[in-house]
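Enquirer: kindly return the folded structure for what I paste below:
(3 chains)
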Amino acid sequence: MLVQQLFNGAVTGASYALFALGLTLIFGMHRILNFAHGAVFMWGALIGLYAVLYAGLSLPLAFLCGILGGAFVSVMLDLLVFRPLRRRHGDELSTIVASIGASLVLLNGAQQLTGADTLRYPFGVFPLAFYQLGGVKVSSEQIVILLTVAVLLIALVIYLYRTPLGIEVRAVSVDEKTSTLLGVRPGRVYFQTFALTGALAGAAGVILGITFNSVSYTMGEGIMLQGFVVIILGGLGSIPGTVIASLIIGVVQSLTVAYVSTELSDAILFGILFVILMVRPNGFFSGLHVEHRVA
Amino acid sequence: MTALRLEHLGKRFGGVEAVADLCLSAASGRITGLIGPNGAGKTTVVNIVTGILAPSSGRVLMGERDITGLKPHKIACAGAARTFQNVRLLRDATVLDNVIVGFHRHMETSLFANFVGLPSVWRERADFIRRAHAILERFGLSDLAKTRAGALSYGHQRRVEIMRALAMAPEFLLLDEPVAGMNDVEAERLGAIVRELADGGIGILLIEHNMRFVMGLCDTIYVLDSGRLIASGSPEEIGSNPAVIAAYLGE
Amino acid sequence: MATFIDTYRSLFDLICVYGILSLAQYVSFRGGVLSLATPGFALIGAYAGAILLMKTGVGPFVGAIGATAAGAVAGLILALPLARLRGVFPAIATIGFMQILVSLALYAEPITGGALGFNGIPKVATTPYLVAAVALVVACLAVVNRTGIGRAFDAIRQDVTVAQALGISVAHYSRVNFALSGAIAGLGGCLLAYNTYSVMPDEFGFPMLVLVTATVILGGRSTIAGALVGTVVLLVLPEVARPLRDERLLVQGALLVLVITYMPLGIVDSLMERRSLTVAARESRDGADKASA
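Expert: Reported below is the predicted structural model:
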């Protein structure tokens, strides 16, 4: 029973990682705490679901639609919201406020589309089979999810560390001014990071939409909160930290729901957040120098 | 009397010694210069003296008081004022308010009194405003009292920053490259102001890159190179010191 | 005026209550604290006020004072981990704080009534009392802004390093800031409970956070009037333009994005800036001539 809960939590946590990586990368590279990332996630889930429901696409194609949709929404967010703000040298507060505003607009759009309903995938859209692995029941769905997350993570790391485009992205994250002088075009870099992180959020949206078989316009809110805990625990900007922290949070959540109470799971999650902020405000896997503490 | 004394000050970053065994004293009423080529460790000294960094070894004394490793605001309260390499004013506040905020360490009213607005608070406020106006007048900037600080010219901003430091009525004033970005005329005018402050009894430590300015103004000069003191003495002694010349020419 | 208030009394009441909550948020921003804890403090104030009034039998005045004190204490406690944090960290942590309180309110059913909350609270906070409360908070903030506390807040907001170099303890004034903001939000939450007959956990989540942030951003972050003007605009707008009512989120969201980008000082501050700039330009022209002479 305990091992089963651990495993289920880890699978959910793996999907959180896709979401939280976007949050942490955008902050680490561009100093933007993107409150609209949850709305991007929600739109990815919605587009994936609509692709199945109304376009009759197969699940892999719908997944692709969700990814592309997430990337599109995310890029639009940068072009229409963050870029004008950058031109005017907005500070941290203004990017937070603008992204909250943008997320309301995105939420409103989804609400118009879906109403207050929670939408579900048609029964049997995912062929389920169960396997016993050393006392743990593993579903075919979980296997596919784990594989998908692993492939996406590897692709992300290869992109960031092995391609010339990725090198530009990392250069801008270290020093935007200098890299501009060296011929890197920041506009293109922002386009890439937002497309990339949006795609990951879209993927997470479709996966979690299927996992819980529920898609609604409010689904971005909850994962945003979990995302915050993950990126603080993992250290803002650190890729391995975020992945490990996501797994931990997924497991903790699964355990509290199973053994403590559903209502308290949020309280426990954020209790952890406070403890981390008091003990190690940089998180446990700090990948960046973040100046945030004063005497 | 010494306003500031550094005793065997050292600071290591990992394996790198940014400052090693630095001894220095800045007398009250005197202008003491600390110069050195880029990367000599001047900024590290500034950060240690103002409490932003804690030293790896050695002590920082203000008068007889040990201020080593105190938090920046405690050091400021103890009577050390500073200016910044790139002028830092409260850009959205008026010139007058920028000076008034300098009186913070002289606030005597309690937090509670400030919350409910007891008469003592208003008396204090009126007093600060009066004294701020007096400082503005002394610097010939009374007409700019209501101007937003961010809208001032660079030279005026420098002066406002010094006025703010003066409002603190410090025993010791640290000037961090005060003439950076100024032409000779402006620098000379600023030099006269600094001399006047020193004559008023404040001990001044001048961190500077501009040799000419330092030579013309300081009473005593310390020369830092690669974190070590290579010379100290009067401007004449420094000007003819072969080690100093080598350090600057080798730059 | 009297007939207007009669017709729109409930809207007017709401403006008063949210005006106070917005002022609590304004205090945070003014003091350079990127805290979003207002809904959390308001929740504490609302439940404290409701419990004091309905379960202990004290009067509404004592209840409101108790709620204000509870908010202040919550602020002080929250400041322990947060007063030293800068940047986006307080924002994240305070959203967590809000979420913890909402889920605790849902969980502690015997005390809080769970998801259904408190009902049947007598409507003791009528319009005159609300107006008096707004006046009290405004007066208090007007004093604070003019004295040493306001000066310290201004310095910290504009440049933390400079503030420290002037002897201002950033951690100390952040604690003061959290306590003040908490007290005001506690009072606002209590008045919400005393005015609307009920308290429910859901009232204190993201929608309230968005509203109080939006009012301060829209009105302007550095003046008291800004927060109040923002509240009036955001609450009256959906009433005068009916179609906007169903698109409340869209309107609030778009306003937030546009204002923070193109009018970052907000309505009131922008107007004041424009006026003071023309005055200052004249003065500095004269002044510069004399000063350089």
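Enquirer: quick one: contacts for A:Phe274?
Expert: Applying CB atoms under 8 Å, 6 or more residues apart in numbering or on different chains to A:Phe274 gives the contacts C:81, C:93, C:96-97. All C-beta spots, glycine's among them, are computed from the backbone N, C-alpha and C.
Enquirer: brain fart, B:Gly216
Expert: Applying CB under 8 Å, 6+ apart to B:Gly216 gives the contacts B:191, B:235.
Enquirer: may I have the phi/psi pair for whatever residue of chain B ends up closest to chain C?
Expert: Closest approach between chain B and chain C, counting by CB to the nearest CB: B:Asp143, at 3.1 Å. Per-residue torsions, B:Asp143: phi -70, psi -20 (degrees, to the nearest 10).
Enquirer: buried ones in stretch A:211-225, by neighbour count?
Expert: A:211, A:215-217, A:219-221, A:223-225 (16 or more other CB atoms under 10 Å in any protein chain shown).
Enquirer: who touches it?
Expert: With CB under 8 Å, 6+ apart, stretch A:211-225 has contacts from A:11-12, A:15-16, A:19, A:35, A:37-42, A:45-46, A:49, A:103, A:107, A:110-111, A:113-114, A:117-121, A:141, A:145, A:204-205, A:208-209, A:266, A:269-270, C:95-96, C:99, C:206.
Enquirer: tell me the mean pLDDT for it?
Expert: For stretch A:211-225, the mean pLDDT works out to 88.
Enquirer: export that stretch to CSV, keeping only CA atoms.
Expert: What follows is stretch A:211-225, C-alpha atoms only, in CSV (Å, rounded to 0.1, in the frame of the first residue of the first chain):
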residue,chain,number,x,y,z
THR,A,211,-4.5,11.3,-15.3
PHE,A,212,-7.3,12.9,-13.3
ASN,A,213,-9.7,12.7,-16.3
SER,A,214,-10.9,16.2,-15.6
VAL,A,215,-10.3,19.4,-17.5
SER,A,216,-11.7,22.7,-16.4
TYR,A,217,-10.8,26.4,-16.7
THR,A,218,-9.8,26.5,-13.1
MET,A,219,-7.3,23.6,-13.3
GLY,A,220,-4.3,26.0,-13.7
GLU,A,221,-4.7,27.5,-10.3
GLY,A,222,-3.9,24.4,-8.2
ILE,A,223,-0.9,23.4,-10.2
MET,A,224,0.4,27.0,-10.1
LEU,A,225,0.5,26.7,-6.3
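Enquirer: spell out which residues of the stretch 1-150 of chain C are next to chain A.
Expert: Residues of the stretch 1-150 of chain C lying close to chain A by CB under 8 Å from any CB of the partner chain are C:29, C:34, C:80-82, C:84-89, C:91-93, C:95-97, C:99-100, C:102-104, C:106-107.
Enquirer: derive a PyMOL selection command for the buried subset of those residues.
Expert: A single PyMOL command selects the buried members of the residues of the stretch 1-150 of chain C next to chain A (16+ other CB under 10 Å):
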select buried, chain C and resi 29+34+81+82+84+85+86+87+88+89+91+92+93+95+96+97+99+100+102+103+104+106+107
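Enquirer: could I get the full set of strands for the chain?
Expert: By default, I'm working from chain A. A:130-133, A:136-139 (DSSP state E).
Enquirer: I'd like those strands laid out as TSV, including mean neighbour count and mean pLDDT.
Expert: TSV is the format used below for those (neighbours: other CB atoms under 10 Å in any protein chain shown; pLDDT from 0 to 100):
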stretch	mean neighbour count	mean pLDDT
strand A:130-133	10	84
strand A:136-139	15	87
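Enquirer: wait, C:Ile44 sits on C:Gly186?
Expert: Yes: with contact defined as CB atoms under 8 Å, C:Ile44 and C:Gly186 form a contacting pair (5.9 Å).
Enquirer: coming back round to it: in helices, which of the buried residues of stretch A:211-225 fall?
Expert: Taking DSSP state H, the ones among the buried residues of stretch A:211-225 that sit in helices are A:211, A:219-221, A:223-225.
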